[in-house]
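Peer 1: can you look at this prediction? I've put the sequence above it.
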Amino acid sequence: MKDLVRLKTSLTEEMEQILNDQIKIEGNSSAKYLAMASWCAEKGFENATAFFMAQADEERGHMLKIFNYVVERGGKAMSPEVTNVRHEYDSLRELCETALEQEISVSNSINRIVEAARKTNDYATDNFMQWFVSEQIEEEAIARRIVELFDIIGEDGVGLFTIDKQIGKVRGAYEGGAE
């Protein structure tokens, strides 16, 4: 029976597993950003709340994009179990640094998929993943810029208010629509 299942897809078992692992990573990223948005809302950071809500939606979209790719290739996509979502942070800076670490981790995972696709001559997956490679360049740049705001603006006085305001503008600057 296993051989018949493999005939339905040109994805290797290894690649299918790697892609399902990425589906889980993207699902976890979405849940983490949702928790970050909740923390920001509780602390009164309106722009950061909106930013992290949008990030949560975007990561869910990434998860579904990979999920659909696996299905379209005849593989079995797995709905991820979301665990270990952190809900508390000591500061907005710590939260934003955690977001940057998350994006770097996702970039590294995407790179591993591309490497595996190239090693196995899976040109379709390599081609599909190039969108994610480009997306991660932008995601890291946005997260890095937000962290830089803490050093540029400072957290004293109206610093956190100003940083929150700037967080609302960062994505637009990278997408060509700065306010």
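Peer 2: Here it is on my side, so go on. Numbering: from 1, shown residues only.

Peer 1: do you know how far Tyr123 is from Ile113?
Peer 2: As defined by CB to CB, to the nearest Å, Tyr123 lies at a distance of 13 Å from Ile113. Bear in mind the C-beta positions are built from the backbone N, C-alpha and C, glycine included.

Peer 1: which one of these two is surrounded by more residues?
Peer 2: Applying other CB atoms under 10 Å to Tyr123 and Ile113 shows that Ile113 carries more neighbours, namely 22 against 10.

Peer 1: that one and Thr125 touch, don't they?
Peer 2: Yes - counting by CB atoms under 8 Å, Thr125 is a contact partner of Ile113 at 7.1 Å.

Peer 1: overlap in contacts of those two?
Peer 2: The contact sets of Ile113 and Thr125 overlap at Leu19 (CB atoms under 8 Å, 6 or more residues apart in numbering).

Peer 1: do a quick rundown of the helices in this protein.
Peer 2: 2-7, 13-43, 46-72, 92-119, 123-153, 159-174 (DSSP state H).

Peer 1: now render these as CSV, adding distance to Glu81.
Peer 2: Putting the helices of the chain into CSV (distance: least, CB to CB, whole Å) gives the following:
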stretch, distance to Glu81
helix 2-7, 23
helix 13-43, 7
helix 46-72, 13
helix 92-119, 17
helix 123-153, 22
helix 159-174, 29
